[in-house]
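# Fold the stuff below for me.
(one chain, ligands or ions: 1)
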Amino acid sequence: MSWRSLAGLIRRTGTVAEPAPPLPEAEPAGAAGVLGGSLQIRHVDAGSCNGCEIELGAAFGPVYDAERYGARLVASPRHADAVLVTGAVTRNMAEPLRLTVRATPEPRLVIAMGDCARGCGPFRDGYGVVGGADDVVPVDAEIPGCPPEPAAVVEALRRVTGR
Ligand code: SF4
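Okay, here's the model as predicted:
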């Protein structure tokens, strides 16, 4: 296909996107009320098997597109409103997790994504595991599942952004 016919195809097709599902009804947690509309998230893998990361990547990919609801992943806790924790917290990651939360300006949220971060996953009793995220830092919201589906991640983030 030439670039001309490709450009024509793009022009004829226009924008194709699913309409946004209705806003989740449950009350937002913690500081969510003052963070509404926009949420910058620093993700911390505290000891995950990477299953949660795959679903998190999908939640921010083109199909589920969490960014259209005002949530965005950022590289530094200094730029973040929320810390999203995945995985059981390992001994080596307990202090980095504490420091990351401390480096995130207030008001801030801590979200535990997946059963490991909620303290009830398959690695809970591992020798190198301290516990769930709330054994190390205060947690405001949880996303259950092993791993949670991208739609559940997007729904939880929409409760915070209110969009
Ligand atoms: S909750 Fe499940 S998918 Fe997520 S890190 Fe734990 S074992 Fe892996």
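
# residue in the protein nearest to the ligand?
Closest contact between the chain and the ligand, by Cβ to the nearest ligand atom, is at G51 (2.6 Å). For the C-beta atoms, the positions are set from N, CA and C on the backbone; glycine is no exception.

# Just give me the neighbour total for that residue.
By other Cβ atoms under 10 Å, the residues close to G51 number 17.

# wait, what's in contact with it?
G114, C146, P147 (Cβ atoms under 8 Å, 6 or more residues apart in numbering).

# Show the buried residues in those.
G114, P147 (16 or more other Cβ atoms under 10 Å).

# want to throw the contacts of G51 into JSON lines with secondary structure, pLDDT and distance to L84?
Formatted as JSON lines, the contacts of G51 follow (DSSP: H, G, I helix; E, B strand; the rest coil; pLDDT from 0 to 100; distance: Cβ to Cβ, whole Å):
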{"residue": "G114", "secondary structure": "coil", "pLDDT": "97", "distance to L84": "10"}
{"residue": "C146", "secondary structure": "coil", "pLDDT": "97", "distance to L84": "16"}
{"residue": "P147", "secondary structure": "coil", "pLDDT": "96", "distance to L84": "13"}
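
# Alright, I will stop here.
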